[in-house]
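Peer 1: after the sequence you'll find the predicted model.
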Amino acid sequence: MSTQNRSTAGAFLAWAIVGSALGGIVALLLAPR
């Protein structure tokens, strides 16, 4: 069970990083120039 929880935490962390990166890119694209 601990390995499954660990992998779930790793996947959540990876998705959080990807989501923040995509959010930053979208914010830069939508920012007024």
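Peer 2: Noted; the coordinates are in hand.
Peer 1: packing partners of the helix or strand where residue 12 lies?
Peer 2: Using DSSP states H and E, residue 12 sits within helix 2-30. Judged by 3 or more Cβ pairs under 8 Å, 6 or more residues apart in numbering; DSSP states H and E, helix 2-30 is in contact with no other helix or strand. Every residue, glycine included, has its C-beta placed from N, CA and C.
Peer 1: from the chain's centre, how far out does it sit?
Peer 2: Distance of helix 2-30 from its chain centroid, counting by Cα atoms, centre = their mean, to the nearest Å, is 2 Å.
Peer 1: so the residue nearest in space to the middle of the chain versus residue 29, what's the distance?
Peer 2: When Cα atoms, centre = their mean is applied to the chain, the residue found nearest the centroid is residue 16 (2.4 Å). Counting by Cβ to Cβ, to the nearest Å, the gap from residue 16 to residue 29 is 20 Å.
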